[in-house]
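1. Whatever this is, show me its structure:
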Amino acid sequence: MRKVYLIVVLVLFVSCNHNKKMQKIESMVEQELLRITFEEVDEHPYFPNCNEFDGENNLNCFYGELKKHLLSDLETSSIKIENKQQALLQIHINQLGEISLMGLDLALKDSTEFQNLLEKQIQKMPKIFPAQKRGLLVNSVYEIPIELKPIN
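-> Next up, the predicted model:
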């Protein structure tokens, strides 16, 4: 009977130590998560052809490719741009690399038509690899200025 009692006490002791270790690990993880700023990513999203660049060059390639894809059908659309102007796009890229238009700041008569054109272009967008933070795929939001010029 003493052996059974000793085994039970030993199991309780080990399980209590295990629970304390798990609580300590969970506490450390929570503290680390509080220190991580997810607004800043380690790697920006990128298109496959921008993968060869690092840091700022990668981001510049991403912006250039994004603008090229978004505006590729502008010339063939019925949207009339009379004066040179700036549009500010706010886009969201989720953990799966799916892109969506969150906002558009533009003083254009056909801004609704322009927004519809952008959303169609987003649907045709090639694969985007999402942003990363500490090796994890994360959501990201970018504001992208686009200069619109009159089309002759």
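2. for this protein, what are the low-confidence residue spans?
-> When residues are selected by pLDDT under 70, those of the chain lie in 1-2, 4-6, 8-22, 25, 28-39, 108-110, 151-152.
3. How far away from the center of its chain is stretch 120-129?
-> In terms of Cα atoms, centre = their mean, to the nearest Å, the centre of stretch 120-129 is found 14 Å from the chain centre.
4. Next, the distance between the ends of that stretch.
-> Using Cα to Cα, to the nearest Å, one end of stretch 120-129 lies 20 Å from the other.
5. got it, and stretch 71-82?
-> End-to-end distance for stretch 71-82, by Cα to Cα: 16 Å.
6. buried set for it?
-> Of all the residues in stretch 71-82, those buried under the rule 16 or more other Cβ atoms under 10 Å are 71, 74, 79, 81. Heads up, the C-betas are built off the backbone N, CA and C, glycines and all.
7. Ok, stretch 55-74 next?
-> By 16+ other Cβ under 10 Å, the buried positions in stretch 55-74 come out as 58, 59, 61, 62, 63, 65, 66, 69, 70, 71, 74.
8. on that earlier part again, adding distance to residue 105 and secondary structure, write the buried residues of stretch 71-82 out as CSV.
-> Shown next, in CSV, are those (distance: Cβ to Cβ, whole Å; DSSP: H, G, I helix; E, B strand; the rest coil):
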residue, distance to residue 105, secondary structure
71, 16, helix
74, 17, coil
79, 16, coil
81, 15, coil
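9. Enumerate the positions of stretch 125-133 that are buried.
-> Neighbour-count burial for stretch 125-133, counted by 16+ other Cβ under 10 Å, picks out 128, 129, 130, 131, 132, 133.
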